[in-house]
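Asker: only geometry, no sequence info:
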């Protein structure tokens, strides 16, 4: 399907995502996260119609706002929220109906066509308005990356969900200073003039300065499974040094008297940065089984090991958890 600007209204909550060189994404495509890059719905692994739609909903990140022709590796902007006018082939539908990508001819999903579903586990949004004809509808999209579903999907269970931390909220660990765009790291800057990145330059005394950030455990965190992981999408620019990233993690709770209680460092194992000069790679820290509960604040301090040859570029950081 051609590039079609489908956004109608409401905040897009957009972010930049990497694209593999062989992938083709058009404006308006429903996209999913494939480890550390995004791909259109038609590229999702097929199992059966129902199972594929359910699995795609779990991995759904949003609607493409930029195009990416084959051979292009520039990051694309994906809207993770908002209302979009989507093509629909269902003969009848009502306001509030859930939608999922339609099955295309063959064993693939459609990139820009939806159908109604009664399966909340397969839904990527709900109809909020009928379009100008019976062939389009306005859909409020529902993506895990925003850490919640619209109300009509709120009882979906067992999904893996994500909480992203904007890099503008990351600070120097020593003193909590705002990161700047200077010449000593870690520095924050714009990548391709759009999204923010954090860079530790190679060598020197500034290539190991730690950064810090915090986030809150969401209201739908599954406290029984107690599954929590921290992920960082990182690029080792030269692939020469063997770089590890140490992560200190503290749980902060508020006592009845209003004072804050900090745990000792929960001590996740340091993650090794994958050597790849072509694309950013995911580093992950496992925090399962630490008795987190909804409402806890999690404070993180990340410190890279020495890297005398390679600059280190952080593209995004996010928490991954299981929804109850």
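Answerer: Perfect, I can see it now. Bear in mind the structure is a predicted one, so any value in this text is a computation, not a measurement.
Asker: now the strands for the stretch 151-300 of the chain?
Answerer: 160-165, 171-172, 187-191, 195-200, 211-216, 228-236, 244-254, 260-262, 271-272, 281-286, 297-304 (DSSP state E, counting those that start in this stretch).
Asker: which one of those is the most hemmed in?
Answerer: Per residue and on average, the most neighbours among those fall to strand 228-236, with a mean of 22 (mean count of other CB atoms under 10 Å). For the C-beta atoms, the positions are set from N, CA and C on the backbone; glycine is no exception.
Asker: name the helices or strands packed onto it?
Answerer: Under the contact criterion of 3 or more CB pairs under 8 Å, 6 or more residues apart in numbering; DSSP states H and E, strand 228-236 touches strand 244-254, strand 281-286, strand 297-304, strand 312-322.
Asker: and of the ones you listed, who's closest to residue 94?
Answerer: Across those, residue 94 has its closest neighbour in strand 312-322 (31.4 Å, CB to CB).
Asker: and that closest one, how far from the chain's centre?
Answerer: The gap between the average C-alpha position of strand 312-322 and the chain average comes to 8 Å, counting by CA atoms, centre = their mean, to the nearest Å.
Asker: what lines up beside it in the sheet?
Answerer: Based on DSSP bridges, the pairing partners of strand 312-322 within the sheet are strand 160-165 (antiparallel), strand 195-200 (antiparallel), strand 228-236 (antiparallel).
Asker: tilt between it and strand 281-286?
Answerer: An angle of 50 degrees separates the directions of strand 312-322 and strand 281-286 when computed by axes from the mean of the first three to the mean of the last three CA atoms, to 10 degrees.
Asker: need the helices for this structure, in chain order.
Answerer: Secondary structure of the chain (DSSP state H): helices at 49-59.
Asker: Which one, of the strands paired with strand 312-322, ends up nearest to residue 74?
Answerer: Closest approach to residue 74 among the strands paired with strand 312-322 (CB to CB): strand 195-200, 10.7 Å.
Asker: so what's residue 283 bridging to?
Answerer: Partner residues in beta bridges with residue 283, using DSSP bridges, are residue 232.
Asker: Which one of the helices and strands packed on strand 228-236 lies nearest to residue 166?
Answerer: Here strand 312-322 is closest among these (CB to CB), at 9.1 Å.
Asker: pLDDT (mean, whole number) over that closest one?
Answerer: For strand 312-322, the mean per-residue pLDDT is 88.
Asker: For residue 78, which non-adjacent residue is spatially closest?
Answerer: In space, residue 78 comes closest to residue 62 once its chain neighbours are excluded; the distance is 4.4 Å by CB to CB, 6 or more residues apart in numbering.
Asker: State the pLDDT value of the one you found.
Answerer: Residue 62 carries a pLDDT score of 92 in this model.
Asker: Could you number the chain from 17 rather than 1 from now on?
Answerer: With 17 as the first residue, the last one maps to residue 78.
Asker: And the pLDDT at the nearest residue to residue 322 once chain neighbours are set aside?
Answerer: Of all residues beyond its chain neighbours, the one nearest residue 322 is residue 224 (6.2 Å), with distances taken as CB to CB, 6+ apart. Reported pLDDT at residue 224 in the predicted model: 83.
Asker: Residue 224 touches residue 320, doesn't it?
Answerer: Yes - taking CB atoms under 8 Å as the contact criterion, residue 224 and residue 320 are neighbours in contact, 5.9 Å apart.
Asker: overlap in contacts of the two?
Answerer: When contacts are counted by CB atoms under 8 Å, 6 or more residues apart in numbering, the set common to residue 224 and residue 320 consists of residue 216.
Asker: buried set for stretch 43-56?
Answerer: Of the residues in stretch 43-56, those buried by neighbour count under the rule 16 or more other CB atoms under 10 Å are 43-50, 52-56.
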